[in-house]
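Mind looking at a prediction? Sequence and model below.
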Amino acid sequence: MFGAGGGTSAYVEAEHADLLILWGSNARETHPIYFHHVLQGLRNGARMYSVDPRRTSTAQWADGWLGLDVGTDIALANAIGREIIHAGLVNEAFVRRATSGFDDYQAAVEPYTLERAAEITGVPAELICELAHAYARADRAQLCWTLGITEHHNAADYVFALINLSLLTGHVGRFGSGLVPLRGQNNVQGGGDLGAIPTKLPGGYDLGDDVARARFEQTWGVTIPPEPGLHLSQMFEAMEARQLRAVYCIGENPAESEANAVHARHLLEGLDHLVVQDIFRTATAELADVVLPAAADWCEYEGTVTSSERRVQRVRKALDPPGLARPDTHIICAIADRLIEEGLGHRWGEPTAEQVWDELRSLSLNWHHGMSYARLDEHGGLQWPCPDLDHPGTPLLHARLWESGEARGAAAPFMPVEHVPPVDTLTDEFPVRLTTVRVLDGYNSGVQTGGFSSPLRRRESLRMDASDGAALGIVDGERVRVTSRRGSVEAPVWFDPSLRPGLASFTPHFSEEVDVNALTNDAWDPKSGTSEFKATAVRIEKVEAAVPVAGT
């Protein structure tokens, strides 16, 4: 079942220090407060590896940088798993007692030798081996990832590949050891927890859970369809098929943030009715039939926010909303009241944030039932699951896997996955891989960060390797045209030493300067619905100066 030992690595093993792997995450710029804690850990003796196509400012702090080719993460993870098995470093006791499907996983990763993985990923076999041994031998290890993992056409499989490594080594459910998806924006965790996922009810219940659904139906006085709704990518497909004709968009800017953005804007413009509710007049709001000005609820209303570690904390009002802006819940309740005239609405009035929260607690029995406002205030936040008012919260979500007997619950399954290259293939016509990145002083489509100046900010540029520029006869700062299978943009060039030959990057922060998502691929992952922002095939050409017309 398990490997017999005798791994292939000849290097001297490091001490069993605490280990952090940042995989597809430039945390120094995208999660700077978190990264301060990382630096403190490094000062205290922890080790860190960075897995990223770019040699980022985060990678510069790492003990090892695995600069893989974009879209090859599964091959790398499978090779790490195979090496751990062959070196006899599997946590056999944990695998036997707490997991299922190991034999199938072992068979799936067997073809991913260090040599084959090096050929696929571009990472030296010795470095893959080093990380495998360091991770398996660490006393405590955390494996963290962000959008570098989840913005691919098979993003869920990327995540499964990383989860498999944690199960193989037992680095899950213990203090200091675990899997940490660093959320891309504030309260993403809370939005999902409260039902902003088309397959879920608030509190994490599946729509197909008849018992849970009946409880919601009784409280809400409606019949809830058991079939999942549409996620964002499916909504755009439904717009194209003219099956979705009206959209109510709250706090989202898809006119700029969606992949293949020109096509996305065309579909939004073709709707019968578009309502946008936001704190800014976004590019999407410019297309809307109705714009509802919302309060910035994080400082202009009461509520809660949930962090990546499932900690629910209180948000308190500090300012009054400007002008006609109102809290989101008040706007939604007012629409429900107005719909009564059409025989469709409900008279909800203007419930307080605490009243809305208490309704959630009455339905989310496992996760939130014990989180009254009073307890959240008393403890400075609580982590779900928190099923009753005497429960202290749950700092370690998967600690049950270390319990014995029935307390352990269901086994954690290995999920074998295979390497599949990006949909947007590199060819002679499109020979360069373009990936989207974030920078420290920018955020998403720039709606929240583009309105202020920063000493760190420079105009949006195509970041590329200097040797690629020389091969194309391009000098630093020169204007180029970047073309994908979906569109073209123009931008100045910036030779970026963090990039390797064949790799270029844009940020999505300044679409008014460069409409980056006019290039990106809207192929999406069937499990998560996420588009493949990270792997676009492009060509780069010099923009020739216009020839003056005689007599002008």
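That came through, no problem. Numbering: from 1, shown residues only.

all strands of the stretch 201-350 of the chain, in order?
Ranges of strands in the stretch 201-350 of the chain, per DSSP state E, counting those that start in this stretch, are 246-250, 273-278, 290-293, 303-306, 311-315.

and Ser484, what does it touch?
Contact partners of Ser484, counting by CB atoms under 8 Å, 6 or more residues apart in numbering, are Asp424, Phe430, Leu434, Leu519, Thr520, Asn521, Thr536, Ala537, Val538. The C-beta positions use only the backbone N, C-alpha and C, and glycine is treated the same way.

Report pLDDT for Gly6.
At Gly6, the model reports a pLDDT of 42.

what does stretch 254-269 rub up against?
Taking CB under 8 Å, 6+ apart as the rule, stretch 254-269 contacts 232, 236, 239-240, 247, 274, 282-284, 286-287, 444-447, 486-487, 508, 511, 515, 517-518, 520-522, 531-533.

Give me the buried subset of these.
For these, a burial check counting by 16 or more other CB atoms under 10 Å picks out 232, 236, 239, 247, 274, 282-284, 287, 444-447, 486-487, 508, 511, 515, 517-518, 520-522, 531-533.

so of those residues, which ones are in helices?
Judged by DSSP state H, helices contain the following of the buried ones among the contacts of stretch 254-269: Leu232, Phe236, Met239, Ala283, Thr284.

Name the nearest of these relative to Ala374.
The nearest member of those to Ala374, counting by CB to CB, is Leu232 at 36.5 Å.

Surely that closest one touches Asp522?
No: using CB atoms under 8 Å, Leu232 is not in contact with Asp522; the gap is 10.5 Å.

Quick one: the helices in the stretch 51-200 of the chain, in order.
73-86, 92-98, 102-109, 114-121, 125-137, 147-150, 155-169, 188-193 (DSSP state H, counting those that start in this stretch).

In the shortest one, which residues are buried?
By neighbour count on 16+ other CB under 10 Å, the buried set for helix 147-150 is Leu147, Gly148, Ile149, Thr150.

Same check on the third one?
Along helix 102-109, the positions that meet the burial threshold by neighbour count (16+ other CB under 10 Å) are Phe102, Tyr105, Gln106, Ala108, Val109.

Show me how far it is from its chain's centre.
Centre-to-centre, helix 102-109 and its host chain are 27 Å apart (CA atoms, centre = their mean, to the nearest Å).

Identify the residues contacting that helix?
Residues contacting helix 102-109 (CB under 8 Å, 6+ apart): 1, 78-79, 81-82, 85, 95, 164, 168, 414-418.

Kindly indicate which of the residues you listed lies nearest Arg54.
Nearest member of these to Arg54, counting by CB to CB, is Ala79, at 20.7 Å.

Please tell me how far that closest one sits from Tyr135.
Per CB to CB, to the nearest Å, Ala79 is found 12 Å from Tyr135.

So which of the two has more stuff around it?
Ala79 (28 against 23; other CB atoms under 10 Å).

Contacts only, for that one.
Neighbours of Ala79 in contact, by CB under 8 Å, 6+ apart: Val109, Tyr112, Thr113, Leu114, Arg116, Ala117, Thr121, Ile128, Ala132.

With distance to Leu194 and pLDDT as extra columns, can I get these in TSV?
Below are the contacts of Ala79 laid out as TSV (distance: CB to CB, whole Å; pLDDT from 0 to 100):
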residue	distance to Leu194	pLDDT
Val109	37	98
Tyr112	39	98
Thr113	45	98
Leu114	44	98
Arg116	44	98
Ala117	40	98
Thr121	38	98
Ile128	40	98
Ala132	39	98
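
Now tabulate those in JSON lines and tack on distance to Gly473.
Formatted as JSON lines, the contacts of Ala79 follow (distance: CB to CB, whole Å):
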{"residue": "Val109", "distance to Gly473": "44"}
{"residue": "Tyr112", "distance to Gly473": "40"}
{"residue": "Thr113", "distance to Gly473": "40"}
{"residue": "Leu114", "distance to Gly473": "39"}
{"residue": "Arg116", "distance to Gly473": "36"}
{"residue": "Ala117", "distance to Gly473": "35"}
{"residue": "Thr121", "distance to Gly473": "30"}
{"residue": "Ile128", "distance to Gly473": "36"}
{"residue": "Ala132", "distance to Gly473": "42"}
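
burial count for the closest residue to Glu403 other than its chain neighbours?
Leaving out its chain neighbours, the residue that sits closest to Glu403 by CB to CB, 6 or more residues apart in numbering is Gly409, at 7.9 Å. As a burial measure, Gly409 scores 11 neighbours (other CB under 10 Å).

Does Gly345 touch Asp337 like I think?
Yes: using CB under 8 Å, Gly345 makes contact with Asp337 at a distance of 6.1 Å.

re earlier: quick check, nearest of the ones in helices among the buried ones among the contacts of stretch 254-269 to Gln313?
Nearest to Gln313 among these: Leu232, at 27.0 Å, using CB to CB.

Which pLDDT value goes with the residue nearest to that closest one when sequence neighbours are not counted?
The shortest distance from Leu232 to any residue other than its chain neighbours is 6.2 Å, reached at Gly529 (CB to CB, 6+ apart). Looking at Gly529, its pLDDT reads 90.

how close does Thr394 sit to Tyr443?
Counting by CB to CB, the separation of Thr394 from Tyr443 is 30 Å.

ditto for Ala471
Computed as CB to CB, the Ala471 to Tyr443 distance reads 34 Å.

Who has more neighbours out of the two?
A count of neighbours by other CB under 10 Å puts Tyr443 above the other of Ala471 and Tyr443, at 19 against 10.

how about the nearest residue to the residue nearest the centre of the chain, chain neighbours excluded?
Nearest to the geometric centre of the chain sits Leu147, at 4.1 Å (CA atoms, centre = their mean). Using CB to CB, 6+ apart and skipping residues adjacent in sequence, the residue nearest Leu147 is Gly184, 5.5 Å away.

looking at it, that neighbour is touching Thr146, isn't it?
Yes: Gly184 is in contact with Thr146 according to CB under 8 Å; the separation is 6.2 Å.

what touches both of these two?
Thr30.

Neighbour count: the two, which is higher?
Neighbour count, other CB under 10 Å: between Gly184 and Thr146, Thr146 has more, with 22 against 16.

That one: what's it in contact with?
Gly24, Ser25, Asn26, Ala27, Thr30, His31, Pro181, Leu182, Arg183, Gly184.

Most neighbours among those, which one?
Scoring the contacts of Thr146 on neighbours with other CB under 10 Å, the highest-scoring entry is Ser25 at 26 neighbours.

where does it land on pLDDT?
Ser25 is given a pLDDT of 93.

Which phi and psi values does it adopt?
Note on Ser25: backbone dihedrals following degrees, to the nearest 10 are phi -140, psi 120.

follow-up on the earlier one: please convert the contacts of Thr146 to TSV, extending it with distance to Thr72.
Output for the contacts of Thr146, formatted as TSV (distance: CB to CB, whole Å):
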residue	distance to Thr72
Gly24	11
Ser25	16
Asn26	18
Ala27	21
Thr30	21
His31	24
Pro181	20
Leu182	21
Arg183	24
Gly184	22
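
where does this structure have low pLDDT?
1-15, 407, 545-552 (pLDDT under 70).

what about the strands of the stretch 201-350 of the chain, which gets the closest to Trp357?
So among the strands of the stretch 201-350 of the chain, strand 303-306 is nearest, using CB to CB, at 6.4 Å.

Counting by contacts, list what that closest one packs against.
Applying 3 or more CB pairs under 8 Å, 6 or more residues apart in numbering; DSSP states H and E, we find strand 303-306 packed against helix 188-193, strand 311-315, helix 353-363.
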